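Peer 1: Have a look at this prediction, sequence included:
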Amino acid sequence: MADKDYAPLSTACVRALNDRLYEKRKAAALEIEKMVKDFVSVGNTSQIKKLLKVLGSEFAISQNPHMRKGGLIGLAAMAIGLGKETGVYTEDLIMPILTCLSDADSRVRYYACESLYNVVKVSRESVLPMFNEIFSSISCVVADPDQNVKNGSELLDRLLKDIVTESKKFDVESFVPVLRERMYTRDRFVRQFLVSWISVLDSVPDASTVKYLPEFLDPLFNILDDSSPEISTMCDNLLGEFLGHIIDKPELVDFAGMVNILISHSQSPHVPLQMMAVTWIREFVTLAGSAMLPFTSGILTAVLPCLAYDEEERRTVREMSRTVNSCQMKLVKSETAGDDAEEKHKLDLPSVMEVLTKQLQRGTVQSKVAALKWIYHLFIQIPVQMFEFIDDIFPVLLKTLSDHSDEVVILDLEVLAEISSSKIGRSNSTDTGTSPHFKQFILSLLKLFSADRNLLEAKGSFIIRQLCVLLSSEDIYRSISELLVLEENLKFARLMVETLSTILLTSSELFELRTKLKELNSKESCHLFCCLYQTWCHSQIATVSLCLLAGCYGHAGDLIRLIGEQEVTVEMLTELDRLVQLLESPIFTFLRMELLDGDNELISSLYGLLMLLPQSEAFSLVKGRLACVPHVQKQDKHRDARKSKKKKFMDEIDFPSLLDHFQEVVSKHQMARRKEKTSAMLAKGGHSINIS
């Protein structure tokens with residue numbers, strides 16, 4: 001090995017640097033340190049560069065591991081010898097050392113850590129231009145399988161953190177992408193190292209780390225789920241600190257850049273992670289206000305499923321989700337729909353409706369309730385935009401009426417009532433003044449009842465009563481009647497009429513409608529009676545009860561005589577029995593009082609009813625009531641005056657025409673029953689033939 005090959009190193013120094021013994025390499029390093037100091041004192045830069053090249057190119061990347069070790073200790077010695085002049089040669093000193101940090105020999109890696117530590121210790125701020133390369137190399141050795149290498153990397157890590165926190169020249173912006181690139185690692189040592197560096201960034205003067213949060217928030221949440229309690233706690237504390245900074249200085253925060261990250265983590269099965277994500281979303285909605293409107297669909301996707309949590313450990317998540325949902329809803333105001341609303345803060349209604357629709361179709365009771373409240377709120381605040389989605393949402397709302405939860409059904413009816421009574425799309429040509437959506441809703445409701453008889457039997461009465469609270473009971477009954485008159489399915493029409501009749505005669509919600517029919521003191525009330533009558537004919541006993549309610553006793557008697565001429569079925573007897581029970585209820589107190597006046601038409605009707613009944617409990621009730629009719633009547637001027645006024649309007653009702661219509665509908669039902677019986681008998685006979 002010739003001296004000139006490694007000049008300015010002497011042959012003895014080269015031999016010592018190549019020696020396997022550390023002591024000899026150390027002695028050579030001291031010689032190099034002295035040599036460099038001499039070069040610096042006389043300003044011999046050419047010799048310094050030559051020595052750097054020899055150590056960096058010939059020794060540090062040699063095939064011989066002992067030579068590589070000599071090169072590393074020599075470079076460290078050069079840095080010590082250079083002292084304050086190190087800054088000029090930092091790159092040439094550090095690059096060969098970084099190469100050795102990934103060496104296959106663990107001892108070489110260890111000495112590389114030691115060498116780099118000494119170079120950095122001397123160079124201080126001068127290493128910052130190369131910080132990203134240094135950081136990338138260290139992030140690999142912190143998880144080194146050799147404990148000595150790992151210990152060396154930790155010492156180097158602490159030194160770098162000291163330099164960064166003390167310096168005002170550190171380029172945070174260029175460092176953040178390097179940091180983020182490594183944060184998706186699964187290695188717990190690397191994770192711990194990276195989280196500690198983010199914490200350091202937060203303490204760098206004027207770094208404003210909050211504005212870089214979108215870059216590493218997602219991997220931070222992933223690390224929060226780490227199986228190591230130490231790492232997850234460390235990450236939890238760091239996220240808590242960042243949230244505090246966000247609350248203190250919201251003007252620096254890129255809310256839009258982070259909210260989707262939080263949404264993606266809010267459904268994590270890991271409770272602490274989910275709680276942290278929902279906590280952040282809550283603060284974002286509070287701090288950012290209308291800036292969160294474009295992200296409403298994502299936020300609802302995050303929080304609505306959480307409303308159903310009943311486990312103790314997730315109770316806090318549920319309550320926070322409830323708060324987020326409420327705050328987000330308050331952001332949607334009527335002016336949001338206006339032209340003045342900022343385009344970037346506009347509600348993405350199509351995506352919101354998609355989320356709410358999915359919740360109604362497949363959500364829990366709690367999420368369905370929340371979704372319905374949202375839909376109702378949107379129809380109140382931005383009805384014009386909402387009616388653009390009416391064709392999509394209306395069928396879903398109708399189907400939701402079949403939900404097993406009464407709370408869901410009631411809210412669903414409130415939404416449907418709001419849609420049905422909305423002035424949006426109102427036509428000036430409508431005579432009734434009802435919304436065009438109202439008639440469509442009633443028609444759809446009847447189709448639903450017709451298709452789903454279980455719904456009609458289980459919840460039909462409940463649904464109609466609720467609607468009568470939310471909307472005009474008169475409009476509802478009139479519209480249903482007008483549609484049922486055209487109904488071809490006679491069995492369904494009869495079932496609907498019986499349901500409607502029972503509600504009319506028993507429900508407190510229909511007090512005003514009953515009163516209007518009972519008094520018949522205007523043209524409008526007479527028209528309403530005639531409208532209902534034509535539909536009520538599908539149920540003979542319901543028609544009689546309507547006439548008794550309206551005080552049309554003479555016509556009621558005519559109907560009873562016609563009924564007596566028909567075949568009396570078990571169903572009819574059941575309905576008769578129910579009518580008698582109703583006549584003894586508080587609803588018909590007025591009718592029983594009119595018996596005191598000796599109203600012959602009323603008495604005749606009740607006797608007709610008595611004759612229809614077999615001798616049963618109902619028969620005894622009617623017979624007992626008629627037995628109480630006094631033989632002497634006392635004149636009541638007020639009642640006579642009311643009757644006189646009522647008679648004036650009743651005279652305008654074409655009862656013969658109504659009677660003809662009654663007979664026509666009854667005939668249709670009789671023919672349908674006969675046809676059904678014949679078909680059943682033929683089917684039974686055919687089945688017997690097949691068996692034989």
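Peer 2: Yep, it's here.

Peer 1: so who does Asp103 touch?
Peer 2: Contacts for Asp103 (Cβ atoms under 8 Å, 6 or more residues apart in numbering) come out as 65, 68, 109, 112. Quick note: C-beta positions are derived from backbone N, CA and C, even for glycine.

Peer 1: Name the nearest residue to Lys459, ignoring sequence neighbours.
Peer 2: Once flanking residues are discounted, Lys459 sits nearest to Val409: 6.6 Å by Cβ to Cβ, 6 or more residues apart in numbering.

Peer 1: Regarding the one you found, what is its secondary structure?
Peer 2: Taking DSSP: H, G, I helix; E, B strand; the rest coil as the rule, one finds Val409 in the helix state.

Peer 1: mind listing which of the contacts of Asp103 are in helices?
Peer 2: Among the contacts of Asp103, DSSP state H puts 65, 68, 109, 112 in helices.

Peer 1: could you point out where this protein is predicted with low confidence?
Peer 2: Scanning the chain for pLDDT under 70 picks out 1-4, 205-207, 334-344, 425-434, 632-646, 685-692.

Peer 1: let's go with 80 and repeat that
Peer 2: For the chain, residues meeting the criterion pLDDT under 80 lie at 1-5, 203-208, 334-345, 423-436, 631-649, 680, 683-692.

Peer 1: So Leu470 sits against Glu414, correct?
Peer 2: Yes: here Leu470 reaches Glu414: they are 6.2 Å apart, a contact under Cβ atoms under 8 Å.

Peer 1: Leaving out chain neighbours, which residue sits closest to Tyr197?
Peer 2: Careful, residue 197 is Trp and not Tyr. Leaving aside its sequence neighbours, Trp197 sits nearest to Leu179 (Cβ to Cβ, 6+ apart; 6.3 Å).

Peer 1: for the one you found, what are its contacts?
Peer 2: 135, 194, 197-198, 201, 215-216.

Peer 1: In TSV, list those along with secondary structure.
Peer 2: Supplementary listing: the contacts of Leu179 in TSV, determined by three-state DSSP:
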residue	secondary structure
Phe135	helix
Leu194	helix
Trp197	helix
Ile198	helix
Leu201	helix
Glu215	helix
Phe216	helix
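
Peer 1: and those, which two are the farthest apart?
Peer 2: Phe135 and Glu215 (15.0 Å; Cβ to Cβ).

Peer 1: related to what we said a few turns ago, tell me how far the residue nearest to Lys459 lies from Ser402.
Peer 2: 8 Å (Cβ to Cβ, to the nearest Å).

Peer 1: When those two are compared, which one has more neighbours?
Peer 2: It is Val409, of Val409 and Ser402, that has more neighbours when counted by other Cβ atoms under 10 Å, with 20 against 15.

Peer 1: check contacts around that one.
Peer 2: By Cβ under 8 Å, 6+ apart, Val409 lies in contact with 400-401, 403, 459, 462-463, 466.

Peer 1: of these, buried ones?
Peer 2: Using 16 or more other Cβ atoms under 10 Å as the burial test, the contacts of Val409 include 400-401, 403, 459, 463, 466 as buried.

Peer 1: Any chance of JSON lines for the residues you listed, columns distance to Asp171 and secondary structure?
Peer 2: Formatted as JSON lines, those follow (distance: Cβ to Cβ, whole Å; DSSP: H, G, I helix; E, B strand; the rest coil):
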{"residue": "Thr400", "distance to Asp171": "57", "secondary structure": "helix"}
{"residue": "Leu401", "distance to Asp171": "62", "secondary structure": "coil"}
{"residue": "Asp403", "distance to Asp171": "59", "secondary structure": "coil"}
{"residue": "Lys459", "distance to Asp171": "67", "secondary structure": "helix"}
{"residue": "Ile463", "distance to Asp171": "67", "secondary structure": "helix"}
{"residue": "Gln466", "distance to Asp171": "66", "secondary structure": "helix"}
